[in-house]
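S.K.: Got a sequence here, can you build the structure:
(2 chains)
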Amino acid sequence: MPDQFLFATEVFINGLMAGVLYALVALGFVLIYKASGIFNYAQGVMALFAAMTLVGIMNGQVPFSHIINAVFGTEIHHFGWHVPAFLAIILTVGVMVGFAWLVQRLVMRHLVGQEPIILFMATIGLAYFLEGVSDLMWGSEIKKLDVGLPQGGSFWIEDMTAGLGSDNFYGFFIDNLDMVATVVAALLVVGLVLFSQYTKQGRAMRAVADDHQAALSVGISLNFIWVLVWSVAGFVALVAGIMWGTKSGVQFSLSLIALKALPVLMLGGFTSIPGAIVGGLIIGVGEKMFEFWIGPLVGGATENWFAYVLALLFLVFRPQGLFGEKIIERV
Amino acid sequence: MKDMQDGYTTADGRKIGGVVMEMKNITLRFGGVVAIKDISFDIREGEIRAIIGPNGAGKSSMLNVISGFYVPQEGEVWFHGEPRPQMRPYEVAQQGIARTFQNIALFEGMSVLDNVMTGRLSYMKSGLFSQALWKGKAEAEEVANREVAEKIIDFLEIQHIRKTPVARLPYGLKKRVELARALAAEPKLLLLDEPMAGMNVEEKEDMSRFILDVNDEFGTTIALIEHDMGVVMDLSDRVVVMDYGKKIGDGTPDEVRNNQAVIDAYLGVSSD
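M.R.: This next block holds a predicted model:
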């Protein structure tokens, strides 16, 4: 097989894997949007907060240690224990549920029946607030996250594929972590689809998104559903945070991955879970292939803008995205 | 309290049972505005009870008190012979009081069938995982609930639009879907907020027929608010008349029609 084709295939596969990671973040947005009609600007920061909490718990870090030390003149930073990854993940899920409850209690319940734009503004405030809290709680230094996921290239795949091309071709380089992320994303999507389409709580969630008053009249508790929605979003944020955190370290730029989710959402449509996945894959593959073929012609660095230009084209020609619900309005 | 326990027989020979819901001296204020002033009346099992009155009389406020959307400052709501503690609207719904809205509140993005199925939410008890996996108890439960929903859809003659998203439907059909969703909860008391508002004569006749059929077929107790005097007088067994937040009449349609205070409220009092 010609080397050029093999290289292209490798780029394609890596694009798919990168796409899965984008899709993971986009999923959190779609979920909250479907369930509450809110575009949750804070989703990226929630991923950051979840990852920082996970690292903090694993390392036995004392939360708010800077404030405690400043106020009481103490010098405590660590509890002096290490929590196993599995337990730490469960504890972090607990923290995210607690966070969901606080959001419901302090923000959402005061905004029942408000315009979507008001709710959107509230989530912007929430994003900045949460970013500050993560900083105060766990400190701002870059941390390494290792929950035992395999990392680095897969030698197995490299060895398997090395013989396909000429001597210049050393086999496909595929990151183990990316493969794990793909499996996790697939499981997550299947779980979420089953949940929102077939369970009572899922149906209630969709009902709340449509009409608060009508939901109340059929016996749905808005408060419960909101805690549920934000908890699920927190859980998805944690999964995305673990994947991205393991890949590139837990740091504040993690919250910016939310920006990459925007073009994914415009492609896939804000209301479709499969859309988020396909959109993520298209963006991932698209930007890698574009860089591979067109990049050298225009001096490279196309990955920075390709996704946004693609999203712009979609906005012009198909505003509801590939899978979004068609916007119907009777007049 | 012998009178409370006994029912009565309507002109067309239907037996009406005991008191299901009783409003006792309800007063509701919004700041300085008194929307409802010291009103008492009861709703009996199996009857169609209408609340009528001119614009701004407090009819909708009354319905919102019954369904828990408003909390009255004074007075008590008795349900099944017990005073009802203060409740959230969704808790009231879970007690078996279903309602429709004057301005239609449906889940626009969902199909008609899904909308009706939301009315069955309180009946779904199986666990999250078995529901998601469609296994065991959950499957049987979903099938049973679906049967009820389909029966109601047939009954209200909306089979042909079962899978249509509600946003696409015309106004008259939306009203019928809303009624279907309320009925799916198999309510002990069904509240209809202006079920005929904005309809043409033909649609009004259809809706009247459905309301009578529902009452007849399922024995559902119905309380409704309506503007159109003609419709109300034909439909209902007993009528409460409100004006400026006060009760000015209560009785059978014939009694109410001949009540001087009611005539004055509707036609105005001549100055001489």
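
S.K.: C-alpha from now on. contacts and neighbour counts both.
M.R.: Will do.

S.K.: residues touching the residue of chain A found nearest chain B, list them.
M.R.: Residue nearest to chain B within chain A (C-alpha to the nearest C-alpha): A:G219, separated by 3.9 Å. For A:G219, the contact set (C-alpha atoms under 8 Å, 6 or more residues apart in numbering or on different chains) comprises B:89-94, B:121-122.

S.K.: What residues does the stretch 151-272 of chain B have near chain A?
M.R.: For the stretch 151-272 of chain B, the contact set with chain A under C-alpha under 8 Å from any C-alpha of the partner chain comprises B:167-168, B:182, B:185.

S.K.: Just the ones of those in helices?
M.R.: B:A182 (DSSP state H).

S.K.: Report pLDDT for B:D38.
M.R.: With respect to pLDDT, B:D38 scores 93.

S.K.: The one 4 residues further on too?
M.R.: Note for B:D42: predicted pLDDT of 92.

S.K.: go on, A:G98?
M.R.: pLDDT at A:G98 comes out at 95.

S.K.: helices or strands next to the helix or strand hosting it in the packing?
M.R.: Here A:G98, judged by DSSP states H and E, is contained in helix A:85-106. Applying 3 or more C-alpha pairs under 8 Å, 6 or more residues apart in numbering or on different chains; DSSP states H and E, one finds that helix A:85-106 contacts helix A:43-58, helix A:222-248.

S.K.: To A:K200, which of these lies closest?
M.R.: Ranking those by proximity to A:K200 (C-alpha to C-alpha) places helix A:222-248 first, at 11.0 Å.

S.K.: one step back: could you redo the contacts of A:G219 as JSON lines and give each row neighbour count, distance to A:V189 and secondary structure?
M.R.: Formatted as JSON lines, the contacts of A:G219 follow (neighbours: other C-alpha atoms under 10 Å in any protein chain shown; distance: C-alpha to C-alpha, whole Å; DSSP: H, G, I helix; E, B strand; the rest coil):
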{"residue": "B:P89", "neighbour count": "25", "distance to A:V189": "33", "secondary structure": "helix"}
{"residue": "B:Y90", "neighbour count": "23", "distance to A:V189": "30", "secondary structure": "helix"}
{"residue": "B:E91", "neighbour count": "19", "distance to A:V189": "33", "secondary structure": "helix"}
{"residue": "B:V92", "neighbour count": "21", "distance to A:V189": "35", "secondary structure": "helix"}
{"residue": "B:A93", "neighbour count": "26", "distance to A:V189": "33", "secondary structure": "helix"}
{"residue": "B:Q94", "neighbour count": "19", "distance to A:V189": "32", "secondary structure": "helix"}
{"residue": "B:L121", "neighbour count": "21", "distance to A:V189": "24", "secondary structure": "helix"}
{"residue": "B:S122", "neighbour count": "16", "distance to A:V189": "27", "secondary structure": "helix"}
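
S.K.: tell me the two of those that are most distant?
M.R.: Spanning the widest gap among the contacts of A:G219 are B:P89 and B:L121, at 14.8 Å by C-alpha to C-alpha.

S.K.: In a markdown table: the helices and strands packed on helix A:85-106, plus mean pLDDT.
M.R.: Shown next, in a markdown table, are the helices and strands packed on helix A:85-106 (pLDDT from 0 to 100):
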| stretch | mean pLDDT |
| --- | --- |
| helix A:43-58 | 92 |
| helix A:222-248 | 88 |
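
S.K.: among the ones you listed, which is the most enclosed?
M.R.: helix A:43-58 (a mean of 28; mean count of other C-alpha atoms under 10 Å in any protein chain shown).

S.K.: could you say what helices and strands that helix packs with?
M.R.: helix A:3-36, helix A:85-106, helix A:116-138, helix A:222-248, helix A:257-268.

S.K.: Tell me how many other residues surround residue 111.
M.R.: In the absence of a named chain, chain A is used. Around A:L111 there are 14 other residues, counting by other C-alpha atoms under 10 Å in any protein chain shown.

S.K.: wrong chain, I was asking about chain B
M.R.: Neighbour count for B:S111, taken as other C-alpha under 10 Å: 18.

S.K.: so how far is chain A from it?
M.R.: 11 Å (C-alpha to the nearest C-alpha, to the nearest Å).

S.K.: What's the local residue count around the closest residue in space to B:A184 that isn't next to it in sequence?
M.R.: Spatial nearest neighbour of B:A184, excluding adjacent residues (C-alpha to C-alpha, 6 or more residues apart in numbering or on different chains): B:G119 at 5.1 Å. A total of 27 residues lie near B:G119 under the criterion other C-alpha under 10 Å.

S.K.: show me the contacts for B:G119.
M.R.: A:218, B:181-185.

S.K.: Counting neighbours, which of those comes out on top?
M.R.: In the contacts of B:G119, the most neighbours by other C-alpha under 10 Å go to A:V218, 31 neighbours.

S.K.: wait, what's in contact with that one?
M.R.: A:V218 neighbours (C-alpha under 8 Å, 6+ apart): B:90, B:93-94, B:98, B:118-119, B:121, B:182, B:185.

S.K.: do the same with B:I97
M.R.: By C-alpha under 8 Å, 6+ apart, the neighbours of B:I97 are B:67, B:187-191.

S.K.: Just the ones of these in strands?
M.R.: Counted as lying in strands by DSSP state E, out of these, are B:189-191.

S.K.: Which of those residues has the largest number of neighbours?
M.R.: Counting by other C-alpha under 10 Å, top hit in these: B:L189 with 27 neighbours.

S.K.: From chain A, how far out is that one?
M.R.: For B:L189, the distance to chain A - C-alpha to the nearest C-alpha - is 13 Å.

S.K.: State which one residue of chain B is found closest to chain A.
M.R.: Closest point on chain B to chain A, by C-alpha to the nearest C-alpha, is B:Y90, at 3.9 Å.

S.K.: Enumerate every residue touching that residue.
M.R.: The contact partners of B:Y90, by C-alpha under 8 Å, 6+ apart, come to A:215-221.

S.K.: Return the member of those residues nearest to A:V55.
M.R.: Checking the contacts of B:Y90 one by one against A:V55 (C-alpha to C-alpha), the nearest turns out to be A:S221, at 34.4 Å.

S.K.: ok, and the most crowded of the contacts of B:Y90?
M.R.: The contacts of B:Y90, ranked by neighbours (other C-alpha under 10 Å): first place A:V218, 31 neighbours.

S.K.: tell me the phi and psi of that one?
M.R.: Dihedral pair for A:V218: phi -100, psi 10, per degrees, to the nearest 10.

S.K.: so what's residue 266 up against?
M.R.: With no chain named, the answer covers chain A. A:279, A:311, A:314-315, A:319-321.

S.K.: wrong one, chain B
M.R.: B:53-54.

S.K.: swap in the one 3 residues further on?
M.R.: Counting by C-alpha under 8 Å, 6+ apart, B:V269 touches no other residue.

S.K.: What about residue 112, how many residues nearby?
M.R.: Using chain A here. Neighbours of A:V112 (other C-alpha under 10 Å): 13.

S.K.: not what I meant, chain B
M.R.: B:V112, neighbours per other C-alpha under 10 Å, totals 27.

S.K.: what about the strands in chain B?
M.R.: B:8-9, B:15-16, B:19-30, B:33-44, B:48-52, B:74-79, B:82-83, B:97-99, B:189-193, B:221-225, B:238-243, B:246-251.

S.K.: Just the CA atoms of stretch B:261-268, as PDB, please.
M.R.: Only the C-alpha atoms of stretch B:261-268 are listed here, as PDB (Å, rounded to 0.1, in the frame of the first residue of the first chain):
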ATOM      1  CA  ALA B 261     -77.800  39.200  41.300                       C
ATOM      2  CA  VAL B 262     -76.500  37.000  38.400                       C
ATOM      3  CA  ILE B 263     -78.700  38.800  35.900                       C
ATOM      4  CA  ASP B 264     -77.400  42.100  37.200                       C
ATOM      5  CA  ALA B 265     -73.800  41.100  37.000                       C
ATOM      6  CA  TYR B 266     -74.100  39.800  33.400                       C
ATOM      7  CA  LEU B 267     -76.500  42.400  32.000                       C
ATOM      8  CA  GLY B 268     -75.700  45.300  34.200                       C
END
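
S.K.: This completes my enquiry, with thanks.
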